[in-house]
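Student: Build the 3D model from these lines:
(4 chains)
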Number of protein chains: 2
Amino acid sequence: MTRGTTGNARGELARARLLDAALQAFARRGFHGTGTRDIAEAAGMSPAAVYVHYRTKEELLFELSLAGHRQVRQVMDEALTGSSAEAGSADPARRLRDVVRAFTSWHARAQIHARVVQYEMAALGPQHAAEIAGLRREIESLMRRLVTDGRDAGVFGVANPHMAALAILSLGIDVARWYRPDGGWGPDEIGAQYGDLALDLVRWTRTDRPPG
Amino acid sequence: MTRGTTGNARGELARARLLDAALQAFARRGFHGTGTRDIAEAAGMSPAAVYVHYRTKEELLFELSLAGHRQVRQVMDEALTGSSAEAGSADPARRLRDVVRAFTSWHARAQIHARVVQYEMAALGPQHAAEIAGLRREIESLMRRLVTDGRDAGVFGVANPHMAALAILSLGIDVARWYRPDGGWGPDEIGAQYGDLALDLVRWTRTDRPPG
DNA sequence: CTCCAAACTAAGCGATCGCTTAGAAAGTCC
DNA sequence: GGACTTTCTAAGCGATCGCTTAGTTTGGAG
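Tutor: Next comes the predicted model:
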């Protein structure tokens, strides 16, 4: 920053290559199954060059986990505002369905990233784990609010909103485990179907028009 | 076997202690995050003693994974036969609900084992992974059959039975990730609720009597 | 008791681990 | 060009990895 812009760009490219290499490796073999030499080689540099850009291997994991969780929150927020703007701001079923679509399809579309986000949390250090936990609480409370809103509005006949919200999140999260890019369904298709499944889980009363 | 029975019992006890130590460690820190010295120490023996009973660390994982998958299949089978015997052999809703109850509550009750079963498969060797994959196919096809049976009988209004079966399995599997023994719900409670959620997912037509 | 196999330990092998050091290249600014 | 920062590598540090070897202890069988 003190000097030049090209050096900055070179560094950021290297950082991006390292993040990508770490992402692939962590997703495939797990954090503890991945060596710093694996990451360096996949990024096309020497093992020592990793430490020019990141202080520890765990910092690489944290950056990936943080960016992934923020992506999840973002696609959910976008789906929520889009859903509200389009259909007169308060159709609980449509809102829930659209957020579940976004949440679920992300776990398929970004499956490799999603695996690291969902299954490598235990390898984070205490401080980093706490920060990630905060983001997860936001995501969980958003989903819970969507379910309770529909129940309070009288359009969801769900018995246990807390558990229903948990189940809906489970459905989306587990997509990261079983999804195969070469399988029969694409991310959007899975998202669409899971959006409908979520409405089944909250016992959406079909007295009003389907949200389209 | 050639001599004595106590020596045999001593060996089996040691094997059991090693399996339990490995189970706890693999569940907490993952296969690659666990050292053979950790396992040995938790089992109360020297690092070398591990190799008297198991040839490799991966063999310990395989034994745990195999036993876990067989347990899952067994609790599902028992729920199925119990459900069929009690209620005149063919109430698809009751059968599905009871199997989901058993499947889900197992993932809470045996959470530590379930985590290894569901999240450490990638660390298995090719041969062992193939054997486990066979068991998983059995479990998946059983669940799929339960869903399609109900659809064919006309009591499930599910649009996509294949995906519904996958979603139901996802719900149960993900319990191993989020369940906390000191949380608000116990394994049976979760199983009961998830059994009902499964019926929602397959759009069970409530024209006939609830299965109890 | 002797005999013997199973169970176990102390020590350590070669390999790999995360990470550091010292210094060479690469590129920017004046 | 010279001065300076950033990026990168070669080499290697101490620790730990999965696992083996050689030899001791254990305990029932005959």
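
Student: What residues sit buried inside the helix or strand residue A:10 falls within?
Tutor: Assessed by DSSP states H and E, residue A:10 sits inside helix A:6-29. If you call a residue buried by 16 or more other CB atoms under 10 Å in any protein chain shown, then helix A:6-29 has these buried ones: A:14-15, A:17-19, A:21-27. In short, each C-beta sits where N, CA and C put it, glycine included.

Student: Give me the most central residue, chain A.
Tutor: By CA atoms, centre = their mean, chain A has its centre lying nearest to residue A:72, at 3.6 Å.

Student: who's in contact with that residue?
Tutor: By CB atoms under 8 Å, 6 or more residues apart in numbering or on different chains, the residues touching residue A:72 are A:103, A:106, A:117, A:139.

Student: For it, identify the helix or strand it belongs to.
Tutor: Short version: residue A:72 belongs to helix A:57-86, going by DSSP H and E.

Student: How far off centre is that helix?
Tutor: Here helix A:57-86 is found 6 Å from its chain centre; the criterion is CA atoms, centre = their mean, to the nearest Å.

Student: What about contact with DNA strand D: does it have any residue there?
Tutor: No: judged by CB under 7 Å from any atom of the strand, helix A:57-86 makes no contact with DNA strand D; its nearest approach is 12.7 Å.

Student: Look at the residue nearest to the centre of chain A and report its pLDDT.
Tutor: Residue A:72 is assigned a predicted lDDT (pLDDT) of 98.

Student: picking that back up, can you state the direction angle for the helix holding residue A:72 and helix A:6-29?
Tutor: 90 degrees (axes from the mean of the first three to the mean of the last three CA atoms, to 10 degrees).

Student: show me what contacts the single nearest residue of chain A relative to DNA strand D?
Tutor: Nearest to DNA strand D, among the residues of chain A, is residue A:11, at 2.1 Å (CB to the nearest atom of the strand). For residue A:11, the contact set (CB under 8 Å, 6+ apart) comprises residue A:53.

Student: rewinding a little: closest to residue A:66 among the contacts of residue A:72?
Tutor: In terms of CB to CB, no member of these lies closer to residue A:66 than residue A:117, at 9.4 Å.

Student: Would you double-check that that closest one falls in a strand?
Tutor: No: read with DSSP: H, G, I helix; E, B strand; the rest coil, residue A:117 is helix and lies in no strand.

Student: need the contact list for it.
Tutor: A:64-65, A:68-69, A:72, A:176.

Student: hmm, 7 Å instead?
Tutor: Residue A:117 sits next to A:65, A:68-69 when contact means CB atoms under 7 Å, 6 or more residues apart in numbering or on different chains.

Student: gap between it and DNA strand C?
Tutor: 20 Å (CB to the nearest atom of the strand, to the nearest Å).

Student: ok, now how distant is that residue from chain B?
Tutor: 12 Å (CB to the nearest CB, to the nearest Å).

Student: what do you get for residue A:182?
Tutor: Distance from residue A:182 to chain B, by CB to the nearest CB: 16 Å.

Student: mind checking the SS state of that residue?
Tutor: Under three-state DSSP, residue A:182 comes out as coil.

Student: what stretches of chain A score poorly on pLDDT?
Tutor: A:1-7, A:86-89, A:207-212 (pLDDT under 70).
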